[in-house]
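Participant: turn this into a structure:
(one chain, ligands or ions: 2)
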Amino acid sequence: MKTQVCIIGGGPSGLLLSQLLHLKGVDTILLEKHSREHVLSRIRAGVLEHGFAALMREAECGERMDREGEIHEGFFIAHDGKLDRVDLHKYSGGSSVVVYGQTELTRDLYEARERMKGQVIHNVEDVTLHDLKSDAPFVTYRDGDKIVRIDCDYVIGADGFHGVSRKSIPKDVLREYEKVYPFGWLGVLSRTKPVSPELIYAKHERGFALCSLRSQVLSRYYIQVPLSDTVDEWSDAAFWEELKRRLPSEVSAKLVTGPSIEKSIAPLRSFVAEPMRYGRLFLAGDAAHIVPPTGARGLNSAASDIYYLYHALIDHYRKNDDAGLDAYSQKALARVWKAQRFSWWMTTLLHSFPSNIPYDNKLQETDLAYLLSSERALGSLAENYVGLPF
Ligand code: RFL
Ligand code: PHB
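Facilitator: Ligands and ions are numbered 1, 2, ... in the order given. A predicted model of the protein is given here:
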């Protein structure tokens with residue numbers, strides 16, 4: 001087989017890029033390791049930057065997001081039994097975020113690829129990248145007993161943190177930066193009315209908690225748990241009880257509980273691989289960087305990579321101009337590191353760290369008090385949360 005751009009990974013990054021390129025007449029083949037059902041069973045992000053929402057519209061995939069997604073102009077920070085509202089709209093100069101689940105967004109992208117007869121190949125095994133430093137790279141995968149070869153101009157590694165693309169870059173070329181946090185998030189999805197119309201990020205000495213939502217009938221809650229905990233140890237009843245203890249009483253009194261329809265633990269990690277280009281291979285999204293979910297940056301950082309790559313590839317194919325491709329790694333990483341900084345800061349501000357000495361806890365309390373008392377600090381939070389410009 002032959003294509004212009006071979007995309008590895010059918011998560012939001014890979015699907016969005018293939019859809020955007022297809023609309024501009026660039027040919028792509030997308031390879032996904034799992035079935036579509038498997039990809040759509042993962043419950044992940046819920047908050048989209050306005051710039052990402054605009055990219056979904058440009059990809060002709062924004063219709064359901066605009067109909068069913070919720071515009072949020074603020075969120076709450078709960079601490080010391082109180083609730084403080086962060087007015088994103090006011091402090092960001094008129095911006096907001098869209099609350100729309102990654103699962104729904106991925107479904108919309110799959111449906112668009114199907115409508116346009118895009119080539120998306122599922123359940124591929126043993127994906128291998130070849131000759132990335134040459135002008136004629138190719139990708140192979142196994143389909144049963146058969147090895148299939150795809151010749152292409154460029155390979156896009158959008159295959160997530162555990163994918164094969166980053167691992168195809170020689171170790172002496174790649175520099176990896178990593179920080180592992182000593183806790184995870186236990187998440188529960190439940191068909192209940194959300195406790196608050198806007199998200200609540202809660203700082204509590206027992207650990208962080210987050211009240212989020214997917215719609216007015218679907219709630220998503222998280223609590224900080226030690227890494228040693230397993231999902232089986234957490235009954236629904238124990239989860240609700242712990243969540244209530246970490247929320248101000250005015251909130252926990254209103255919490256509607258119900259059976260969980262999904263429950264999982266995600267470890268918290270910050271990670272960046274540099275550079276994001278190796279010859280004809282370009283990394284995008286979680287394949288190159290991940291953040292702890294506290295600042296809601298992960299999917300949004302993936303979208304900014306796709307924005308840069310999309311424009312760079314269009315300039316290459318339409319104008320024979322490679323400046324965008326040559327600048328990609330540097331440009332993408334500059335924004336990625338800002339998302340890293342923000343996610344690390346939000347995580348440090350709101351979680352309980354087992355290794356903290358009393359001095360650290362005092363600084364953490366002071367950081368929060370300063371934030372909530374300073375319009376400039378709130379401006380910085382809001383600007384980062386709604387998304388820095390691409
Ligand atoms: P994905 O979604 O991991 O998709 C990669 C795809 O590649 C496939 N794959 C392969 N395909 C072919 N060959 C191989 N060898 C392959 N190896 C892997 C995989 O099957 C998969 O389908 O990466 P992508 O597209 O870069 O998207 C990134 C986002 O998924 C991720 O950043 C976010 O979910 C992070 N995140 C959040 N981000 C936000 O912006 N806002 C949020 O509110 C937010 N909340 C979250 C989150 C992530 C969470 N978890 C579980 C990690 C909340 C949680 C709990
Ligand atoms: C979510 O709804 O899953 C969610 C929202 C905000 C975050 C992280 C996750 O910061």
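Participant: list the contacts for Arg64?
Facilitator: Arg64 makes contact with 104, 108, according to CB atoms under 8 Å, 6 or more residues apart in numbering. All C-beta atoms are positioned from the backbone trio N, CA, C, and that covers glycine.
Participant: how much space between it and Ser41?
Facilitator: Separation of Arg64 from Ser41 (CB to CB, to the nearest Å): 19 Å.
Participant: which residue is the nearest non-sequential neighbour of the spatially most central residue of the chain?
Facilitator: Centrality entry for the chain: nearest residue to the mean C-alpha point is Leu299, 2.2 Å, by CA atoms, centre = their mean. Among residues not flanking Leu299 along the chain, Ala45 sits closest, at 4.0 Å (CB to CB, 6 or more residues apart in numbering).
Participant: check the gap between Val148 and Thr230 for me.
Facilitator: According to CB to CB, Val148 stands 39 Å off from Thr230.
Participant: looking at these two, which one has more neighbours?
Facilitator: Between Val148 and Thr230, counting by other CB atoms under 10 Å, Val148 is the more crowded of the two (14 against 9).
Participant: ok, and for the host helix or strand of the more buried one, which residues are buried?
Facilitator: In the assignment (DSSP states H and E), Val148 maps to strand 146-151. Applying a neighbour-count criterion of 16 or more other CB atoms under 10 Å, one finds Ile150 buried in strand 146-151.
Participant: what helices and strands are in contact with it?
Facilitator: Using 3 or more CB pairs under 8 Å, 6 or more residues apart in numbering; DSSP states H and E, the elements in contact with strand 146-151 are strand 138-143.
Participant: what angle sits between the strand it packs on and strand 146-151?
Facilitator: Interaxial angle, strand 138-143 versus strand 146-151 (axes from the mean of the first three to the mean of the last three CA atoms, to 10 degrees): 160 degrees.
Participant: what sits up against strand 138-143?
Facilitator: Identification of contacts with strand 138-143 by CB under 8 Å, 6+ apart yields 6, 8, 31, 121, 124-131, 147-152, 155.
Participant: give me that answer again for 6 Å
Facilitator: Under the contact criterion CB atoms under 6 Å, 6 or more residues apart in numbering, strand 138-143 has outside partners 6, 31, 124-130, 147-151.
Participant: in that strand, what counts as buried?
Facilitator: For strand 138-143, burial by neighbour count (16+ other CB under 10 Å) applies to 138-139, 141.
Participant: using CSV, lay out these together with distance to ligand 2 and pLDDT.
Facilitator: Listed next are the buried residues of strand 138-143 as CSV, based on distance: CB to the nearest ligand atom, whole Å; pLDDT from 0 to 100:
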residue, distance to ligand 2, pLDDT
Phe138, 38, 98
Val139, 32, 98
Tyr141, 32, 98
